[in-house]
Every structure is written in C-alpha cells, then in structure tokens.
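return atomic coordinates for the entry below.
(2 chains)
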2 protein chains.
Amino acid sequence: MTDDSAPKQDRSRATRRRLLETTIRCLARHGWEVSTVAFIAAEAGISRGAVQHHFRTREALILAALEHMFEERAALLDALPDPGGADPDRVHAVVTGLVDAIGGELFRAALQVWTVAAADPELRSAVVPLERHFARGVHRRAVRLLRVDDTDPAVRGLIQATLDLARGLALADVLTDDSRRRARVVRAWSDQLAAALAASVPD
Amino acid sequence: MTDDSAPKQDRSRATRRRLLETTIRCLARHGWEVSTVAFIAAEAGISRGAVQHHFRTREALILAALEHMFEERAALLDALPDPGGADPDRVHAVVTGLVDAIGGELFRAALQVWTVAAADPELRSAVVPLERHFARGVHRRAVRLLRVDDTDPAVRGLIQATLDLARGLALADVLTDDSRRRARVVRAWSDQLAAALAASVPD
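Numbers count the residues shown, from 1 in each chain, chains lettered A, B, ... in the order given. This next block holds a predicted model:
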C-alpha cells in the first residue's frame, strides 16, 4: 500500500472489532447490569476514554455491537456451502445453519438488550428496527438456501415458523445446555419441513 | 362454615394471590430492576412488612409468583374445551391454546427472571427446576390434548418443536405487537402438524 495512513486505519478497525466482540461477550456472560462502558473497556484492554471517543453512550456501543454481530451472522449464512444431496438432508443442513445463526452467544447478548428494552421505550425504539432488519435478512437467506418461493403464503408461514422455532430453541439453551435435545427437535422439524416443501413446490 | 378462622384464611389467601399476580405484572411491565419488594408491595397495596413476613427475599417472592402463574397456566390448559371437529381444526385449537399458555404476561415476567438468571448461578439453580417442571407439565398436556402417543420419537420431536415454536413466538411479541403475524404462523404450523400426526398415527 502507498497510503501511509492505511496501517493506522487497519489498527483502528481491528480495535473497533475487538471492542464490539467484547461487548457481545460481556453482555452474554455477565448480563446488562455488569456490562458498563468501564467494564467492557477493561475486558477489551482499551482505555475508557478511547471507547467513549467512538461511542458516546453505553447504548450506542451496545447497539453498534449488535449490528456488527448481526452482519457477521448474515455473512456466515451467505458463506454456507450448498449442502447438495437429497432434499431432506439439504433442508436439515439449512435448518441447522439457521438455528446456529440465530442462537448462541449473539442470542444471549441480544436477550439482555431485549429484556431491558421491554421496559424502556427509548431503547426499544432503537432496537426494533435493528432486529427487524436482521430478521428480514435471515428470512431472505432462508428462502434462497431452501430454494423455495415464499410468495406462496403456506411456504412463507413455514419459513417464518422455522425462524420462530430457532429463537425458541435459542431461548431454551440460555439456562442449561440444551444441545442434545435441540438436535432431535431440529431433525424432527426439518424432516417435516422437507415433506411440506416437497408437497408445495411443483417439480 | 363453622370454623371461625376460615374467613381470615380466605382473606390471607386472597392477599397472597393478589401479591403474586402483582409481582408478575410488575416484572412484565417494569422489568427486574424496578420490581423491588417495596415497589411490588406498593403496587399491590400491601405493606412492605406484610410482604416480607411471607417472603424473606425478593427472589423468594418472584419464584413463588412464577410457580403460582405456572400452575394457573397448567389449569387453563386442563380447562380447555375439547375442540372436537375435524383433525386440522382440533390441532389448530390445541396449538393456539399452547401458544396462549406459554406466551403473554407470564412469559414477559419469566423472561426478566431468565435473563438475570443467565448471569446469576444461584438464581439459575432455583429457576431451572421450576421451569423444567412447567415445561414437562405443558408437554404432558399437549400429548393428552392432541391424543397422540409420544413414545414414538418422531411424534415426541414434533410436540417439543411445537412448544419451542410457542416460546419463539412469545419472544417475538415482547418488543412489538406480533399477534397478526403469529396467527398466520400458528395456522401454517398447525396444518403441517395435523398432517404429520395423521400420517404417524395408525387409525
């Protein structure tokens, strides 16, 4: 590179990424109350002043972190290899990918934010558009990965049900490790979804 | 009644019920932080001392409130009229009943508790058995209402998926009114579930 400022910009981007990832981890592991700017800064090894230079408030930092992680999850779905093979196996692979994209640490962090937002109209008005944007992006990717036509209301309902199921499964994993039960439920659901989609889509 | 203490006991029971219902409402509407013993007592019109006579800590009060409401929801499921009629309509009525039993104000209150419990091992160890007991009770009632045999692993997976879906739908209703979309998703899934159960159960 010929631009002298490029390494500095790279460092700044890397720092920002570390800060946002640390924010998600702090929320998921320690909860909303503990996850102050001072706590997150210390965990990320960044000075509190440097954090506040980029994000004026805790809410701004947390919303940026959610947005960053939503983008990462969408990119993961875009990078899913085409599972190929017979239809029930393809559907199972896609449902597993969707469940992974919606659950885990990002879900635990988002849950902390939703719960506070449930009783805080200002935070809620900032979170709802972000959440809706992510949900639409995941829906669009589900339609593409499953190769279905969601202008059919029955198909659209089943895709939405699959994403609601994924959120329910993510919630069931918050207090205990639910991975074994979840694998069975995903299998039962994806078998059923494969049969329904095969019946609804003319060859 | 001939027992002189009966009216006093009735009053005490009614007060306890009011206190527990107020606790759920406070959690659902105002969140965990705001829902202190003092706040809940004031909302219920009961002295703080009287509340603390029955429940030594906020956690004890909140857990008792969740348990009480779980029992009420289970009783609601037990009181569901037999929907009768053709199978898809029966399944739709049962799924709607399950979604109602799992969602709403009780879910919003429980969400506040789960979210704090996610980062608080002591609270978590008290909440998990309570939650598991409720989940098993709802599962058992779902099997009875749908008249299916859940020793069949495929059927069991579909019942569990239905309850996970209900939790996902309840979560989607926390930040915005999701009732119209939810009705469509419930219809799409219950049609599918009816077809699956009809195929799995020999007449």
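
so how far is the host helix or strand of A:Thr22 from its chain's centroid?
Element membership for A:Thr22 (DSSP states H and E) is helix A:6-34. Distance of helix A:6-34 from its chain centroid, counting by Cα atoms, centre = their mean, to the nearest Å, is 16 Å.

please identify the buried residues of that helix?
Across helix A:6-34, burial judged by 16 or more other Cβ atoms under 10 Å in any protein chain shown covers A:15-16, A:19-28, A:30-32. Placement of C-beta: from N, CA and C, glycine included.

same question, stretch A:50-64
By 16+ other Cβ under 10 Å, the buried positions in stretch A:50-64 come out as A:Val51, A:Gln52, A:Phe55, A:Arg58, A:Glu59, A:Leu61, A:Ile62, A:Leu63, A:Ala64.

sticking with A:Leu148, tell me its helix or strand.
One thing to correct before we go on: residue A:148 is Val, not Leu. Counting by DSSP H and E, A:Val148 is part of no helix or strand.

who are the contact partners of the closest residue to it other than its chain neighbours?
Of all residues not flanking A:Val148 in the chain, A:Val155 sits nearest, at 5.2 Å (Cβ to Cβ, 6 or more residues apart in numbering or on different chains). With contacts defined as Cβ atoms under 8 Å, 6 or more residues apart in numbering or on different chains, the neighbours of A:Val155 are A:Val148, A:Asp149, A:Leu197, A:Ser200, A:Val201.

most neighbours of all those residues, which one?
Neighbour counts for the contacts of A:Val155, by other Cβ atoms under 10 Å in any protein chain shown, peak at A:Leu197, which reaches 22 neighbours.

restricting to C-alpha, output the helix or strand where that one lies in CSV.
Following DSSP H and E, one finds A:Leu197 within helix A:179-200. Extracted in CSV, the C-alpha atoms of helix A:179-200 (Å, rounded to 0.1, in the frame of the first residue of the first chain):
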residue,chain,number,x,y,z
SER,A,179,-27.7,-29.1,22.6
ARG,A,180,-28.7,-32.8,22.6
ARG,A,181,-32.5,-32.2,22.8
ARG,A,182,-32.1,-29.4,20.2
ALA,A,183,-30.5,-31.7,17.7
ARG,A,184,-33.5,-34.1,18.0
VAL,A,185,-36.0,-31.2,17.6
VAL,A,186,-34.2,-29.8,14.6
ARG,A,187,-34.2,-33.3,13.0
ALA,A,188,-38.0,-33.8,13.6
TRP,A,189,-38.8,-30.3,12.3
SER,A,190,-36.6,-30.4,9.2
ASP,A,191,-38.0,-33.8,8.2
GLN,A,192,-41.5,-32.3,8.4
LEU,A,193,-40.4,-29.1,6.6
ALA,A,194,-38.8,-31.1,3.8
ALA,A,195,-42.0,-33.1,3.3
ALA,A,196,-44.1,-29.9,3.4
LEU,A,197,-41.9,-28.1,0.9
ALA,A,198,-41.7,-31.1,-1.4
ALA,A,199,-45.5,-31.2,-1.4
SER,A,200,-45.9,-27.4,-2.1
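
now do it: distance to the chain's middle.
With Cα atoms, centre = their mean, you get 21 Å for helix A:179-200.

now do the helices in chain A.
Applying DSSP state H to chain A gives helices spanning A:6-34, A:37-44, A:48-54, A:58-78, A:87-102, A:104-117, A:121-146, A:153-172, A:179-200.

doesn't A:Asp150 make contact with A:Arg156?
Yes. Contact criterion Cβ atoms under 8 Å: A:Arg156 and A:Asp150 qualify, at 4.3 Å.

so what sits against both of those two?
Shared contacts of A:Arg156 and A:Asp150, defined by Cβ under 8 Å, 6+ apart, are absent.

that older thread, which members of the buried residues of stretch A:50-64 are the farthest-apart pair?
Longest distance between any two of the buried residues of stretch A:50-64 is 15.1 Å, between A:Gln52 and A:Leu63; criterion Cβ to Cβ.
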